[in-house]
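Visitor: turn this into a structure:
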Amino acid sequence: MIKVVKFGGSSLSNAEQFRKVGEIVRADEKRRYVVPSAPGKRHKNDTKVTDLLYACYAAAEADEEFKPALRKIRARYNEIINGLKLNFSLDDEFKIIEENFCQKKGSDYAASRGEYLNGIIMSRFLGYEFIDAAEVIRFDDEGNFDADTTNSILKERLKKCDRAVIPGFYGAKADGSVKTFSRGGSDITGSIVAKACKADLYENWTDVSGFLIADPRIINDPKGIKVITYRELRELSYMGATVLHEDAIFPVRKEGIPINIKNTNAPEDSGTFIVESTCQKPEYTITGIAGKQGFVAVNIEKDMMNSEIGFGRKVLEAFEENQISFEHTPSGIDTFTVFVHQEEFEGKEQSVLSAIHRLADPDSIDLEADLALVAVVGRGMKSTRGTAGRIFSALAHANVNVRMIDQGSSELNVIIGVSNEDFDKAIKAIYDIFVETRL
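Guide: Okay, the predicted model is just below:
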């Protein structure tokens, strides 16, 4: 059995956290491949190393003094090395980094050094081989992740290596120039490694014991989720749940490799299992609640639009012309609504409206701003009668005006539109009716 283990920045912020990670890895000989992030915050007012690197490189790129900032970053790593009583130095690595900053190798290169350096320390601490992600994670010339080439290179490399540390977050193009994933991309690296070695389990270690049913900033001490499917996770991640990078599920999904979200500071907790499918009945009708604020609803009306071939395409073309992506598109017989991010839309609204009139010839267009979308997700909803009715009842009781409600054909999720000011209230009401009433 093979386990791939990824540790987030909070799990590797200092020497004490490194020791916890070492105990976790050594406690199970099946944990053969380790993917580390860059050091995170040591305390509330601290700064993540990745952010320090971005700022340091920005100074170098602007031909400003950056060496004191780089020395500050080196001190962070020396603190970890000395705290672990390791007998080696990163001085040569920092000389190379300084030279490359002077040569302006790029912000992706700069940001990637956080994981790169932490990977070197981790490999020394564990006694594992170090594999530079730039050698095995490939991006094409346009900067897009090349999954097939990466899988081929990485699979061959891991065949020759029984235990290794592979830094997260970055890779390289064929010419060797470093390219990073989006922030949180170490989750993706862990998933890529799990696929390449055909792991039995991908453990993603962070500072929480798995997914929670709702945002703890809104719900006081929400219940945890024991098992969640890839599809449910995708819905919740897309709507704002942030424990795991939403793209991290794709490499392992096709292979059927489960993901276990675990807590470095409470390793005995079972955490959350993310699986392809399960016959386990969920504890509650819903699996989770998530949402986003700051939307505009563009309501288009036209008599007999349902019989006009291509009407929806013409409307969406107006948004495409203006480089605006849409979030949700509920519709009726004579109405078609497009939800878009308000911040993105406001500067282009008249251009979009003009394009809709030109392309689709609607009877009228109405804009409704300051809206939020709330997603109620759960595989249990399909086999439970009256879920939508309970949602309506809970929101009405909480005096929340529902602007829109839509349920997909999969019956996996219900999307509700409310005003921004009712966002927290709506989530609390839904949580109470499905979770608190069960207690």
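
Visitor: show me what contacts the most centrally placed residue in the chain?
Guide: Closest to where the C-alpha atoms of the chain average out (Cα atoms, centre = their mean) is residue 245, at 2.1 Å. Counting by Cβ atoms under 8 Å, 6 or more residues apart in numbering, residue 245 touches 181-182, 184-188, 237. Heads up, the C-betas are built off the backbone N, CA and C, glycines and all.

Visitor: try it again with 7 Å
Guide: Taking Cβ atoms under 7 Å, 6 or more residues apart in numbering, we find residue 245 in contact with 184-185, 187-188.

Visitor: for residue 129, same thing?
Guide: 123, 161, 163-164.

Visitor: residue 424 sits in which helix or strand?
Guide: helix 423-434 (DSSP states H and E).

Visitor: specify which member of the contacts of residue 245 is nearest to residue 24.
Guide: Distances from residue 24 to the contacts of residue 245, taken as Cβ to Cβ, are shortest for residue 187 (17.3 Å).

Visitor: and the next helix or strand past the strand or helix carrying that closest one?
Guide: Assigned by DSSP H and E, residue 187 belongs to helix 186-196. Going down the chain from helix 186-196, the next helix or strand is strand 201-206, by DSSP H and E.

Visitor: show me what that following strand is packed against.
Guide: strand 3-7, helix 186-196, strand 259-263 (3 or more Cβ pairs under 7 Å, 6 or more residues apart in numbering; DSSP states H and E).

Visitor: quick one: which of the contacts of residue 129 has the most company?
Guide: residue 164 (22 neighbours; other Cβ atoms under 10 Å).

Visitor: ok, for that one, nearest residue in space, not its chain neighbours?
Guide: Spatial nearest neighbour of residue 164, excluding adjacent residues (Cβ to Cβ, 6 or more residues apart in numbering): residue 129 at 4.5 Å.

Visitor: what residues does stretch 232-239 touch?
Guide: Residues contacting stretch 232-239 (Cβ under 7 Å, 6+ apart): 244, 246, 249, 274, 287-288, 290-292, 373, 375, 377-379, 412-413.

Visitor: what about those residues, which are in strands?
Guide: Assigned to strands by DSSP state E, the following of the contacts of stretch 232-239 qualify: 274, 288, 290-292, 373, 375, 377, 413.

Visitor: wait, residue 223 touches residue 213, no?
Guide: Yes: shown here, residue 223 and residue 213 form a contact pair, counting by Cβ atoms under 7 Å, at 5.1 Å.

Visitor: now do the strands in the stretch 251-400 of the chain.
Guide: 259-263, 272-275, 288-301, 335-341, 364-377 (DSSP state E, counting those that start in this stretch).

Visitor: among those strands, which is nearest residue 312?
Guide: strand 335-341 (6.3 Å).

Visitor: just say helix, strand or coil for residue 219.
Guide: coil (DSSP: H, G, I helix; E, B strand; the rest coil).

Visitor: mind listing the residues bridging to residue 138?
Guide: residue 172 (DSSP bridges).

Visitor: mind putting the helices and strands packed on strand 201-206 in a markdown table, mean neighbour count included?
Guide: Formatted as a markdown table, the helices and strands packed on strand 201-206 follow (neighbours: other Cβ atoms under 10 Å):
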| stretch | mean neighbour count |
| --- | --- |
| strand 3-7 | 27 |
| helix 186-196 | 28 |
| strand 259-263 | 22 |
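
Visitor: got TSV for these, with distance to residue 399 and mean pLDDT too?
Guide: Shown next, in TSV, are these (distance: least, Cβ to Cβ, whole Å; pLDDT from 0 to 100):
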stretch	distance to residue 399	mean pLDDT
strand 3-7	43	98
helix 186-196	39	95
strand 259-263	35	94
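
Visitor: next, format those as CSV and append distance to residue 228.
Guide: Below are the helices and strands packed on strand 201-206 laid out as CSV (distance: least, Cβ to Cβ, whole Å):
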stretch, distance to residue 228
strand 3-7, 18
helix 186-196, 15
strand 259-263, 9
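
Visitor: and residue 227, which of these is closest to it?
Guide: Nearest of those to residue 227, taken as Cβ to Cβ: strand 259-263 at 10.3 Å.

Visitor: list of residues touching the strand or helix carrying residue 148?
Guide: Here residue 148, judged by DSSP H and E, is contained in helix 147-159. With contact meaning Cβ under 7 Å, 6+ apart, helix 147-159 is reached by 131, 136-138, 192-193, 195-197.

Visitor: widest-spaced pair of those residues?
Guide: Going by Cβ to Cβ, the pair spanning the contacts of helix 147-159 furthest: 138 and 197, at 16.6 Å.

Visitor: would you mark the buried spots in stretch 156-166?
Guide: For stretch 156-166, burial by neighbour count (16 or more other Cβ atoms under 10 Å) applies to 157-158, 163-166.

Visitor: ok, so of those residues, who is nearest residue 2?
Guide: The closest of those, once distances to residue 2 are taken by Cβ to Cβ, is residue 158, at 9.3 Å.

Visitor: separation between that closest one and residue 193?
Guide: Separation of residue 158 from residue 193 (Cβ to Cβ, to the nearest Å): 8 Å.

Visitor: just for the stretch 301-439 of the chain, where's the confidence low?
Guide: Scanning the stretch 301-439 of the chain for pLDDT under 70 picks out the ranges 408-411, 438-439.

Visitor: related to what we said a few turns ago, residue 223 and residue 213: which has the busier surroundings?
Guide: Counted by other Cβ under 10 Å, residue 223 and residue 213 do not tie: residue 213 has more neighbours, with 25 against 17.

Visitor: from what I can see that one touches residue 288, true?
Guide: Yes: in this structure residue 213 lies within contact range of residue 288 using Cβ under 7 Å: 5.1 Å.

Visitor: joint contacts of these two?
Guide: Taking Cβ under 7 Å, 6+ apart as the contact rule, residue 213 and residue 288 both touch residue 225.

Visitor: which helix in this structure has the most residues?
Guide: Secondary structure of the chain per DSSP state H: the longest helix is helix 107-126.

Visitor: relative to strand 3-7, how tilted is that one?
Guide: 120 degrees (axes from the mean of the first three to the mean of the last three Cα atoms, to 10 degrees).

Visitor: quick revisit: would you turn the contacts of residue 129 into TSV with distance to residue 315?
Guide: Formatted as TSV, the contacts of residue 129 follow (distance: Cβ to Cβ, whole Å):
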residue	distance to residue 315
123	54
161	53
163	55
164	51
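
Visitor: export those residues to TSV and tack on pLDDT?
Guide: Shown next, in TSV, are the contacts of residue 129 (pLDDT from 0 to 100):
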residue	pLDDT
123	98
161	94
163	97
164	98
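
Visitor: just to be sure, which of these are found in strands?
Guide: residue 164.

Visitor: tell me which two in the contacts of residue 129 are the farthest apart.
Guide: The widest separation within these (Cβ to Cβ) is 11.2 Å, between 123 and 161.

Visitor: ok so, going back, let me know the closest of the contacts of helix 147-159 to residue 30.
Guide: residue 197 (11.5 Å).

Visitor: I am finished for the moment; much appreciated.
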